[in-house]
Structure formats: C-alpha cells, structure tokens
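Asker: The sequence isn't on hand, but the structure is:
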C-alpha cells in the first residue's frame, strides 16, 4: 500500500480519531493544535508532529491554515525493506521544527506535488516520503539505538502508580503516560527495567502493603483495597510469595519487635 501526500486545511472545530496508519503533519500556513495520547503541542508554518498508528489524537486548525499531511501505512515502501529503520520514527508521538535544509526539501516536495508527473506516477509519493523520513530520522534520533533514544521517565511512572495504586491499573494506562503504544511500551519497559510492567506494578503494590502493615493498624481488607489487591486473600498470597509469611504474621513480628525495643528503652540502666 503506497504512501499518500496531500495538502488540506484543518477544520477549526476540534475533532478526534485514530487510524491504522502512521501520519506526519507539517504546517504550511497558519496554525493548528494537536494532542496525541496526552502529548499536546501547536503547529505553525515549517513545524510539525508525528502521529503513530492507532494513537488517538485531537486536532483543530486555527484560522486560515493549511497543512501537508503524509499518510504512511506500516507496509508502505517508505517504511519497509532496507528503509525499515525509519519506522522507529513512530515509536512515540513528538513535535519537531524543520531546519533550513529540510525547508528547502519541503519546497521541492511541494513543487513535485503540484506537477503532472506526481499525479501520474504512483510511486513518486513513496520516493518523496522516504527522503523526508530519512532526514527526520537522522535529526530526531541522532543514530541512537531505540532504547537509548528515549528512556522512560520512571519517576513520572512511579508517581502515577502511587496515585492510582487502588485502581485497576492496566499496561495501557502506563503506556499512555509515556505517550507510547502498549506494544512499544512493553518492549521498552522490559529493556530498561528488566521486568514486565505488570511485575513492576505488583512489586509497588506489595511494597506499599508492607509499609501499611508495619506502620498502621488498618484492617487487612482495607490495606488490600488501598494497595490494589482484589481482596484479602490476594494480599495474603502476595505476602507469602514475597516475604514467606502471611500479613498477620508479618504484622505480629513487627509489633513484637517494637514492643521489645520499647521495653529496653524503658528499663532502668544497670548500676555499676
């Protein structure tokens, strides 16, 4: 399936959708606003954004605007074969600005787009798209490996998990925080952290539950609910798997040790 290049204005009303092909939008005139899976930004002339396939995005034109839009199916010639590395441009949404060489290439692309040869040659769109993608890839990735190009912000993810620990967190929820598709997020997370996102969230849940067991007198059912376990039995299984003891046993051990420390502090010192 070939790439498609078109020039259109965007409606000034806000719309949203997702599609099964990648997209690059470059401003030619006026301005437009985009929000791609939570990542927001504004496009003006000679700046643009990358919209990965299946990412929900909101968009609206502002006044008299015109955009150059490239629709790029995953199996388009511009993204396959020896050019398959260019598909990494769509690992995550992002905004960019064209430098001087790319602005000159954009002028050439627009000239070709208006020519008769472009309308009669079904392969010219892919040739033009491949050159643009190659130049963007060189500028936005700097030749780095995928895992080095954009490391996950674990501090942000930890904060999100902490504030939603009692909710039914999904990998999709975390992927949206990183502005990645779920598949890319799973792969990049395991590369960076060494375990799956689900294992990471489970570890955060059990750490929070142990803290509440040690430092509070909350009932076990409430601790289970606050830390995202489906019920007290699920919390008990997790404690046995991780610490080798039930929650009640862990709590008694901490209380006994605390009592012994308190008694030692309260005992009068031995006279010499």
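Answerer: Nice, I can see it. All values reported here derive from a predicted model rather than from experimental measurement.
Asker: Could you use CA atoms for every contact and neighbour count after this?
Answerer: Noted.
Asker: what helix or strand is residue 70 on?
Answerer: For residue 70, the host element (DSSP states H and E) is strand 57-72.
Asker: Can you name the element that comes right after that strand?
Answerer: Past strand 57-72, further along toward the C-terminus, the next helix or strand under DSSP H and E is strand 94-97.
Asker: Which residues does that following strand contact?
Answerer: The contact list for strand 94-97 (C-alpha atoms under 8 Å, 6 or more residues apart in numbering) reads 39, 41, 46-51.
Asker: Most widely separated two among the residues you listed?
Answerer: Largest separation among the contacts of strand 94-97 by C-alpha to C-alpha: 39 and 46, giving 19.4 Å.
Asker: Give me the more crowded residue out of those two.
Answerer: Between residue 39 and residue 46, counted using other C-alpha atoms under 10 Å, the more crowded position is residue 46 (19 against 16).
Asker: which residues does the more buried one contact?
Answerer: Contacts of residue 46 (C-alpha under 8 Å, 6+ apart): 26-28, 97-98, 103.
Asker: ok, now residue 21?
Answerer: Going by C-alpha under 8 Å, 6+ apart, the list of residues near residue 21 reads 52-54, 71-74.
Asker: and which of those residues is nearest residue 245?
Answerer: residue 54 (44.5 Å).
Asker: how would you label that closest one: helix, strand or coil?
Answerer: Residue 54 falls in the coil class when you classify it by DSSP: H, G, I helix; E, B strand; the rest coil.
Asker: hmm, back to that, between the contacts of strand 94-97, which has the most around it?
Answerer: Most neighbours among these, by other C-alpha under 10 Å: residue 51, with 28 neighbours.
Asker: Need the per-residue pLDDT for that one.
Answerer: pLDDT, residue 51: 94.
Asker: Buried residues, the helix or strand harbouring residue 173. List them.
Answerer: Secondary structure assigned from DSSP H and E places residue 173 in helix 171-177. Within helix 171-177, the residues that qualify as buried by neighbour count (16 or more other C-alpha atoms under 10 Å) are 171, 174-177.
Asker: same question, stretch 95-106
Answerer: Going by neighbour count (16+ other C-alpha under 10 Å), the buried part of stretch 95-106 is 95-98, 105-106.
Asker: Give the full set of residues in contact with the residue nearest to residue 56 when sequence neighbours are not counted.
Answerer: Spatial nearest neighbour of residue 56, excluding adjacent residues (C-alpha to C-alpha, 6 or more residues apart in numbering): residue 18 at 4.5 Å. For residue 18, the contact set (C-alpha under 8 Å, 6+ apart) comprises 53-57.
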